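K.L.:
Okay, predicted coordinates and the sequence, questions at the end:
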Amino acid sequence: MTQLNGGPSIPAWPDDELDFSTPSKPQPPYFDKDLDAWIFSRHADIHSALRSFDLWPSSVKKGKQPRLIDKASHHKMRADTTQSLSPERLRGWRLLLAERATDAVKALPINTPIDLLASYADPLCMFLAETVTSISHEEALLLYASARIVSASAAEPYDSELSKSAKPADELLRNHFQSRPEGLRDSTFVALSQTIPCMLGNAWFSLTQFPSQWSILHQHPDLLEAGVEELMRYAGLVRTLGRYATADIQIGDVLIRRGEKIILRMIAAHRDPERYSNPNELIVERQSRGNFALGMGEHSCVGAVLIRMATTTTTAPLLTRFSSIELVDPVAWKGGSAFRSPGSLWVRLGD
Ligand code: HEM
């Protein structure tokens, strides 16, 4: 437990951090009085929670009430977003992104330190954000700073200073994309331009820690699809999700009362030895389906197809072109209790 700006207690499980030397150990569910919430960390418990119809997404913050919406509006939101991300559109975006990524890889230097996020991930993700939300590059540049603030606040929801500055930024973005179809608005622009680079940063950092896994993917590009699932398991971005009980509900051995909250420690679940053998190792050939990096069940990420497409399309040309990756500078981490990722990723790529 830590405090931020003298504010409320925030969940602090440093062992959920990607660079922590002693990785997380899942525990049986328990109630945390300071956080006023149940804490779930075992894979099986989180799986049950995400599958439950009596648990609604909620902020993990103490005292913050969830925004409950009726089932019909929820289904409509999901259906409209799915329609916006139709397979035809996705195919078109993939082609455009693949072309950009191939050109960008050609421009990367060999055996010379580069920040792979600033020189490769950020511009490609910005291009994808512009393409998907149909805005010009000039408009995107104007919106970029606001998206950065909104993303930083989402990464650390307990920072009241960040929340304050995120409000006008959020409003500016919301107004800009107001007339767009569901799924192609401000939150998608923020997710594509900011959150995906964070996710890629975690994934590529992990590959620097397991160079043999980079070599395997370099030699067997057909393994990338399965490898992406393993990268999501090992280096998933979202550290916790919140749930609110809309009815009394039994999960495993614990009875959750209506109105109580649960904090789901996703990263700990991804390291659960009951679910994964050698959980603290990145093994790209492992079948990691069933990870929670993009949620699961009724409230799973509607943008999952887009996220997977972006991850494979940006990572594949790097793996094909370069036989190795080596971290040349310690990573300065950014973000906070909701998600954390490298602020920069200085690497040397081998021929
Ligand atoms: C790297 C980027 C992203 C990550 C890591 C991510 C992760 C997640 C996770 C973990 C959830 C589950 C939340 C919960 O169960 O409480 C979720 C939900 C959701 N995501 Fe994403 N997401 C990303 C990008 C996107 C994009 C680009 C879109 C839209 C195009 C999107 C749309 C949604 C929606 C609408 C939900 C709520 C679903 C519901 O409540 O039914 N996400 N996301």
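P.N.:
Great, that's in hand.
K.L.:
Up against the ligand, what does the stretch 101-250 of the chain have?
P.N.:
Residues of the stretch 101-250 of the chain found near the ligand (C-beta under 6 Å from any ligand atom) are G183, T188, A191, L192, T195, I196, M199, L237, V238, L241. For every residue, glycine as well, the C-beta is placed using N, CA and C.
K.L.:
where's S73 relative to D159, distance?
P.N.:
Note on S73: its distance to D159, by C-beta to C-beta, to the nearest Å, is 30 Å.
K.L.:
ok and the residue in the protein nearest the ligand?
P.N.:
G303 (2.4 Å; C-beta to the nearest ligand atom).
K.L.:
My read is that that residue contacts T188, right?
P.N.:
Yes: under the criterion of C-beta atoms under 8 Å, G303 makes contact with T188 at 6.9 Å.
K.L.:
Now stretch 220-234: buried residues?
P.N.:
L223, L224, A226, G227, V228, E229, E230, L231, M232, R233, Y234 (16 or more other C-beta atoms under 10 Å).
K.L.:
before we move on, back to that, could you export the residues of the stretch 101-250 of the chain next to the ligand as JSON lines, including neighbour count and secondary structure?
P.N.:
What follows is these, written out as JSON lines (neighbours: other C-beta atoms under 10 Å; DSSP: H, G, I helix; E, B strand; the rest coil):
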{"residue": "G183", "neighbour count": "21", "secondary structure": "coil"}
{"residue": "T188", "neighbour count": "23", "secondary structure": "helix"}
{"residue": "A191", "neighbour count": "23", "secondary structure": "helix"}
{"residue": "L192", "neighbour count": "24", "secondary structure": "helix"}
{"residue": "T195", "neighbour count": "23", "secondary structure": "helix"}
{"residue": "I196", "neighbour count": "23", "secondary structure": "helix"}
{"residue": "M199", "neighbour count": "25", "secondary structure": "helix"}
{"residue": "L237", "neighbour count": "25", "secondary structure": "coil"}
{"residue": "V238", "neighbour count": "18", "secondary structure": "strand"}
{"residue": "L241", "neighbour count": "23", "secondary structure": "strand"}
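K.L.:
Can you convert the buried residues of stretch 220-234 into a markdown table and add a column each for secondary structure and pLDDT?
P.N.:
Shown next, in a markdown table, are these (DSSP: H, G, I helix; E, B strand; the rest coil; pLDDT from 0 to 100):
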| residue | secondary structure | pLDDT |
| --- | --- | --- |
| L223 | helix | 96 |
| L224 | helix | 96 |
| A226 | helix | 92 |
| G227 | helix | 96 |
| V228 | helix | 96 |
| E229 | helix | 96 |
| E230 | helix | 97 |
| L231 | helix | 97 |
| M232 | helix | 97 |
| R233 | helix | 96 |
| Y234 | helix | 96 |
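K.L.:
Among those, pick out the one closest to E17, please.
P.N.:
Nearest to E17 among the buried residues of stretch 220-234, counting by C-beta to C-beta, is Y234 at 12.9 Å.
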